[in-house]
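Participant: just the structure for this:
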Amino acid sequence: MILLQESGTALSGRLVYAESEYSFRYDVADRADMTGRVGPDGVASLSIGTLQVEVGVATRQLLFVWGLHPRQNWITTSLGTPDARPGRLTADPREGEFVAGEARDLIPGTGWTAAWPTRFDPDTGWLRMSQDESADEDLTQIADGIVAGRRAGSLHSLWLKPEFTA
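Facilitator: Okay, here's the model as predicted:
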């Protein structure tokens with residue numbers, strides 16, 4: 001998916017990984033800010049396996065990550081910390097319209113089995129999900145604890161630094 005990079009601030013909130021649920025959730029800090037980023041038409045999702053990237057239908061802006069993502073499948077490795085600047089990413093209009101409630105496969109035709117491999121660095125607390133191990137060309141912090149990497153203008157990786165809860 002082609003993403004357009006814009007200046008701006010990252011969405012304020014808290015990314016949480018609930019160990020007992022094997023899943024991520026995002027607790028938004030400022031509802032008014034979130035409402036402005038979503039727009040009047042609700043939200044849709046981009047699916048990477050069972051992980052969802054929430055997108056404002058009217059604004060096309062990537063907002064945050066949520067969904068099932070079992071830790072048992074993560075690969076422990078050294079990642080370091082992503083060097084990202086706060087900003088906003090929006091889906092290129094040529095990618096088609098979003099419909100409220102839609103969950104669109106990031107890679108069409110692959111369904112829920114198309115999860116990207118997840119690498120986890122226990123020393124830094126960062127996870128990186130990516131199509132492959134190649135470097136990102138640019139990194140944008142779209143929300144607190146969430147960084148999106150692009151390569152050739154397309155979403156290439158997600159870097160997540162959640163708070164872990166039981």
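
Participant: list the helices and strands the helix or strand bottoming out on mean pLDDT in the chain packs on?
Facilitator: Ranking every helix and strand in the chain by mean pLDDT, DSSP states H and E puts strand 103-105 at the bottom, with a mean of 90. Strand 103-105 sits against strand 43-48, with contacts defined as 3 or more Cβ pairs under 8 Å, 6 or more residues apart in numbering; DSSP states H and E. (C-beta placed from N, C-alpha, C; glycine too.)

Participant: neighbouring strands for the strand it packs on, and are they parallel or not?
Facilitator: The pairing partners recorded for strand 43-48 under DSSP bridges are strand 51-56 (antiparallel), strand 103-105 (parallel).

Participant: S20: neighbouring residues, count only.
Facilitator: 7 (other Cβ atoms under 10 Å).

Participant: okay, now the closest residue to it other than its chain neighbours: neighbour count?
Facilitator: Among residues not flanking S20 along the chain, A166 sits closest, at 5.8 Å (Cβ to Cβ, 6 or more residues apart in numbering). Number of residues near A166 (other Cβ under 10 Å) recorded here: 6.

Participant: which one of the strands paired with strand 43-48 is the most hemmed in?
Facilitator: Highest mean neighbour count among the strands paired with strand 43-48 (mean count of other Cβ atoms under 10 Å): strand 51-56, with a mean of 23.

Participant: centre of the chain to that strand, how far?
Facilitator: Distance of strand 51-56 from its chain centroid, counting by Cα atoms, centre = their mean, to the nearest Å, is 7 Å.

Participant: helix or strand right after that strand?
Facilitator: Once the chain leaves strand 51-56, the next helix or strand it forms, by DSSP states H and E, is strand 62-68.

Participant: and the contacts of that next one?
Facilitator: Here strand 62-68 makes contact (Cβ atoms under 8 Å, 6 or more residues apart in numbering) with 3, 11, 13, 15, 21-26, 28, 34, 37-38, 43, 46, 50-56, 88-91, 142-143, 146, 148, 158, 160.
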